[in-house]
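K.L.:
Got a predicted structure here, sequence first:
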Amino acid sequence: MARLVIVSNRVPPPRAGRGGASAGGLAVALQSFVAPGTLWFGWSGRVVDKPSGKPRVVEGQGVSYATIDLGSDDYDRFYVGFANSSLWPLLHFRLGLMRYRREDFEGYLAVNAGFADVLLKMLRPDDMVWVHDYHLIPLAAAMRERGFTGRIGFFLHIPFVPASVLEALPPARDLLLALCAHDVVGFQTQTHLSDFLDCARRFSGFAVEGQEVVTNGRRVRAIADPIGIDAQGFARVAARAAGTAYIQRVRESLLGRSLAISAERLDYSKGLPNRFEGFARLLARFPQHHRKISLLQIAARSREDVAEYQALRRELDRLAGDINGRFSQFDWMPLRYMTQTVARTKLAGLFRIAHIGLVTPLRDGMNLVAKEFVAAQDPADPGVLILSQFAGAAEELTHAVMVNPYDPDAIAEAMSTALEMSLEERQERHAVLRRAVFDVTAARYCNVFVDALKGH
Ligand code: GDG
């Protein structure tokens, strides 16, 4: 049987992502799937003076985790530069935040070429390689140049954009070509898939035949394969966590008030300032909810070397202080804001006891928090999911209370609606959401992708 090789920018340490404090969606979804015999390759997360180029291999439950270090120039150009200052904003529709430098793109290509060199030494000819996410778009092309003819698939965890947005990136066509070095390319939603096919139609040198793109004599199949969670596992953890001393303390601290919860990496794609403003408007426009609600915002610090993330953090500190200054009473603080990560089991327990899950990204490939919140609920007395129409998850979670996250008044109104929603309506909405989350699981996501790759 062909061996599965997973490549992603960051490789989780063995066994992390289940009970641990990993705040990345990809690791969480894949960890429950990888079987013994799998090789998982990527960056160690370390930046060193002179990278050896030799992978460090750690075994865990039959899986080999192989990682390499990056040099500091590579880190600046590949990771901070092209991946997180050009591609991330571009693919989240934030052209105003996109910063492009040719040397960054060159660094991005060079790191991918270096990855290809190291990986090829570990590969067997019949291995099936599954590459993840925007950091590694040119990896397959580099592997092909070096003679690898085996199957390579790619999955993009973040959105894909229409041609009119993509074309702002100077090497847009190179990226499209690089995507076509794969056998299968996967997207989170039908919208991202059709934007990709439209881009291939609009740029020169590509032919689109159904869901396949043909270029340079190669044919790549594009699929939509929404990522999911281990819904049963998460529901179990959440139910158990609700009985722990930690959750008991949280409950006591609420003094009978409803809890609204948001949790994500501190990232400008997640729409935190808009959400804070929405919450401020709830408090300003609907005084009947004063003293009846607490919003707990967990915003795990992320990419702290990128200037926009530092600026966002300062902005949120200010907004949080402003909201609590304006509305707090001596025995009620409406907003609880923390930038540390919380252990996954605790997070599950917090979701379980929350009355509102507030998930309002400005753009998101999928958003697993929305799915986790649904899975964590008690079906007899479920909380209400408020969801951005621009999260990939909105394609599946149609029975959430949907909002346009650019409109703080809409967020305020949705929160007020959720606080007043009858038990019957909450149960009806939840039953439909729950079915969606339990049907499209992490395991299904992996199987669909691997089957497509096998069938190519
Ligand atoms: C990318 C795409 C796509 C969050 N805070 C804490 C914590 N988390 C966990 C969540 C969830 C994961 O991290 C985040 O996943 P998301 O999907 O919400 O977001 P991204 O990290 O931006 O992931 C996204 C995903 O890839 C998968 O394809 O859905 O659209 O942007 O599991 O629960 N976990 C812990 N403490 C925290 O404070 N332990």
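P.N.:
Noted; the coordinates are in hand.

K.L.:
which stretches of the stretch 101-250 of the chain have low pLDDT?
P.N.:
For the stretch 101-250 of the chain, no stretch is flagged by pLDDT under 70.

K.L.:
residues from it in reach of the ligand?
P.N.:
157, 158, 227 (C-beta under 6 Å from any ligand atom). For the C-beta atoms, the positions are set from N, CA and C on the backbone; glycine is no exception.

K.L.:
Quick check: strands, which of those residues are part of them?
P.N.:
Assigned to strands by DSSP state E, none of those qualify.

K.L.:
Now which of those would you call buried?
P.N.:
157, 158, 227 (16 or more other C-beta atoms under 10 Å).

K.L.:
Against residue 84, how distant is the second one?
P.N.:
To tie it back to what came earlier, the one meant is residue 158. 11 Å (C-beta to C-beta, to the nearest Å).

K.L.:
Spell out the residue ranges of the strands in the stretch 201-350 of the chain.
P.N.:
For the stretch 201-350 of the chain, strands defined by DSSP state E, counting those that start in this stretch occupy the ranges 207-209, 212-215, 218-224, 258-265, 293-300, 335-338.

K.L.:
Next: the stretch 51-200 of the chain.
P.N.:
56-60, 63-71, 128-132, 151-155, 184-187.

K.L.:
List just the one of the ones you listed that sits closest to residue 436.
P.N.:
For those, proximity to residue 436 was assessed by C-beta to C-beta; strand 184-187 is nearest, at 18.1 Å.

K.L.:
Figure out how far that closest one is from the centre of its chain.
P.N.:
Centroid separation for strand 184-187 versus its chain: 16 Å, with C-alpha atoms, centre = their mean, to the nearest Å.

K.L.:
what would the strands of the stretch 201-350 of the chain look like in CSV with distance to residue 277 and mean neighbour count?
P.N.:
Shown next, in CSV, are these (distance: least, C-beta to C-beta, whole Å; neighbours: other C-beta atoms under 10 Å):
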stretch, distance to residue 277, mean neighbour count
strand 207-209, 41, 12
strand 212-215, 41, 18
strand 218-224, 33, 18
strand 258-265, 13, 22
strand 293-300, 12, 22
strand 335-338, 12, 18
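
K.L.:
Out of those strands, which is closest to residue 140?
P.N.:
Of the strands of the stretch 201-350 of the chain, nearest to residue 140 by C-beta to C-beta is strand 218-224, at 9.6 Å.

K.L.:
Not counting that closest one itself, show me its contacts.
P.N.:
179-190, 192-193, 196-197, 211-213, 448-449, 452, 456 (C-beta atoms under 8 Å, 6 or more residues apart in numbering).

K.L.:
touching the ligand at all, stretch 333-353?
P.N.:
Yes - residues of stretch 333-353 are located near the ligand by C-beta under 6 Å from any ligand atom, namely 341, 342, 343, 344, 347.

K.L.:
which phi and psi does the residue located most distally from the centre of the chain have?
P.N.:
Residue distances from the centre of the chain (C-alpha atoms, centre = their mean) peak at residue 330, which lies 37.7 Å from the mean C-alpha position. The phi and psi values for residue 330, taken as degrees, to the nearest 10, are phi -60, psi -20.

K.L.:
now swap in the one 10 residues further on and tell me
P.N.:
Torsion angles at residue 340 (phi, psi; degrees, to the nearest 10) stand at phi -90, psi 160.

K.L.:
That one: what's it in contact with?
P.N.:
298, 300, 301.

K.L.:
hmm, try it at 10 Å
P.N.:
By C-beta atoms under 10 Å, 6 or more residues apart in numbering, the contact list for residue 340 reads 21, 298, 299, 300, 301.

K.L.:
Would you format these as JSON lines with distance to residue 162 included?
P.N.:
Listed next are these as JSON lines, based on distance: C-beta to C-beta, whole Å:
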{"residue": "21", "distance to residue 162": "36"}
{"residue": "298", "distance to residue 162": "32"}
{"residue": "299", "distance to residue 162": "29"}
{"residue": "300", "distance to residue 162": "30"}
{"residue": "301", "distance to residue 162": "32"}
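
K.L.:
Farthest-apart pair in these, please.
P.N.:
21 and 299 (14.1 Å).

K.L.:
Bridged to residue 364, which residues?
P.N.:
Residue 364 has these beta-bridge partners by DSSP bridges: residue 391.

K.L.:
Next, the contact list for it, please.
P.N.:
Contacts of residue 364 by C-beta under 10 Å, 6+ apart are 25, 92, 157-159, 188, 264, 267, 269-271, 370, 387-388, 390-394, 405.

K.L.:
How about residue 333?
P.N.:
Contacts of residue 333 by C-beta under 10 Å, 6+ apart are 294, 295, 323, 324, 327.

K.L.:
Quick one, grab the pLDDT at the second one.
P.N.:
According to the model's per-residue confidence, residue 295 sits at a pLDDT of 98.

K.L.:
and if you look at the third one?
P.N.:
In this prediction, residue 323 carries a pLDDT score of 98.

K.L.:
so how far is residue 136 from it?
P.N.:
Taken as C-beta to C-beta, the span from residue 323 to residue 136 is 39 Å.

K.L.:
same deal with residue 196?
P.N.:
17 Å.

K.L.:
cool, and residue 346?
P.N.:
Residue 346 is 32 Å from residue 136, by C-beta to C-beta.

K.L.:
more neighbours, those two?
P.N.:
residue 136 (23 against 19; other C-beta atoms under 10 Å).

K.L.:
how about the nearest residue to residue 135 once chain neighbours are set aside, what does it touch?
P.N.:
Closest residue to residue 135 apart from its sequence neighbours, by C-beta to C-beta, 6 or more residues apart in numbering: residue 9 at 3.9 Å. Listed by C-beta under 10 Å, 6+ apart, the contact set of residue 9 reads 24, 26, 42-43, 45, 78-79, 83, 111, 115, 131-136.

K.L.:
Could you rerun that using 6 Å?
P.N.:
Taking C-beta atoms under 6 Å, 6 or more residues apart in numbering, we find residue 9 in contact with 42, 43, 135.

K.L.:
Ok, residue 120 next?
P.N.:
residue 146.

K.L.:
Could you check how far the closest residue to the ligand within the stretch 51-200 of the chain is from residue 445?
P.N.:
Residue of the stretch 51-200 of the chain nearest the ligand, by C-beta to the nearest ligand atom: residue 157 (3.6 Å). In this view, residue 157 and residue 445 are 11 Å apart by C-beta to C-beta.

K.L.:
Next: residue 337.
P.N.:
Taken as C-beta to C-beta, the span from residue 337 to residue 445 is 32 Å.

K.L.:
Surely residue 419 forms part of a helix?
P.N.:
Yes - assignment of residue 419 by DSSP: H, G, I helix; E, B strand; the rest coil places it within a helix.

K.L.:
Sounds good, over and out.
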